[in-house]
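[1] Mind looking at a prediction? Sequence and model below.
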Amino acid sequence: MFLRRSHVVLALACALALGACENKPPVQKLPEISFADKAPFRLDVGQLEIVPEYVSPAKRPNIEHLMPVSPEAATVRWAQDRLRPIGRSGYARVIIRDAKVIEVPLQVDKGFSGMFKDQQAARFDGSLDVAVQILDERHLPVADVVARATRTKTVAEGASLNERDRVLYEISESMIRDIDSQMDGLIRTYLNRWVQ
């Protein structure tokens, strides 16, 4: 009797273990977004501050909180890699004013002809707005520059979670690369006095 019960328990445990292993897609490893390969701006300020003003509602249609790398996280990494305080006083402040991604469901043809179409089921609209300010030792702003980037991408009907994550990752990466490109020129032109 005990032997039969243990066989049933063992069989049930094996079935549950196999069921748990099924249908789980392998987790993809997306590359780290980094600017370590670029020379940082050596700024004549004492400290770097990063201020995320944008607060995600953390519910749909906003999905930045569900992304593998949010626009805010990409911006924080950019600031840490590209802005280096080397002075004794004053501050460089990076303000993240907007860092949202909205999911917009798209109308899909559910009829017979729709079965033969490769349809896009959702559109992701991203926007990123970043300011870099120089503040004096009293914490008063003395100069600033602003860069903005937007991206729109769609995802196909029936896309896997990994495919959706890849699209969302590409939105963050392309927006922060655009911000970096804009800031490169803006900082050299308008904040040149503080660049060593």
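    Perfect, thanks for sending it.
[2] Against residue 103, how distant is residue 66?
    9 Å (Cβ to Cβ, to the nearest Å). All C-beta atoms are positioned from the backbone trio N, CA, C, and that covers glycine.
[3] What pLDDT does the model give the spatially most central residue of the chain?
    Residue closest to the average C-alpha location in the chain (Cα atoms, centre = their mean): residue 70, at 2.3 Å. pLDDT, residue 70: 97.
[4] contacting residues for it?
    Residues near residue 70 by Cβ atoms under 8 Å, 6 or more residues apart in numbering: 56, 64, 99, 101, 172.
[5] what do you get for residue 86?
    42, 43, 44, 196.
[6] swap in residue 125?
    Here residue 125 is in contact with 101, 102, 104, 150, 151, 152 (Cβ under 8 Å, 6+ apart).
[7] Filter those down to the buried ones, PyMOL style.
    Buried residues among the contacts of residue 125 (16 or more other Cβ atoms under 10 Å), as a PyMOL selection:
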select buried, resi 101+151
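[8] tell me which residues of the helix of greatest length in the chain are tucked away?
    For the chain, the helix with the greatest residue count under DSSP state H is helix 161-190. For helix 161-190, the neighbour count (16+ other Cβ under 10 Å) marks 164-176, 178-180, 182-183, 186-187 as buried.
[9] Could you name the helices and strands sitting against that helix?
    helix 71-82, strand 91-105, strand 120-135, strand 141-156 (3 or more Cβ pairs under 8 Å, 6 or more residues apart in numbering; DSSP states H and E).
[10] same thing but at 10 Å, please
    If you count contacts as 3 or more Cβ pairs under 10 Å, 6 or more residues apart in numbering; DSSP states H and E, helix 161-190 packs onto strand 41-43, helix 71-82, strand 91-105, strand 120-135, strand 141-156.
[11] Can I get those in a markdown table including distance to residue 35?
    Below are the helices and strands packed on helix 161-190 laid out as a markdown table (distance: least, Cβ to Cβ, whole Å):
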| stretch | distance to residue 35 |
| --- | --- |
| strand 41-43 | 11 |
| helix 71-82 | 4 |
| strand 91-105 | 13 |
| strand 120-135 | 13 |
| strand 141-156 | 14 |
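[12] just so I know, which of the ones you listed lies nearest residue 29?
    Within those, the stretch nearest residue 29 is helix 71-82; the backing value is 16.3 Å (Cβ to Cβ).
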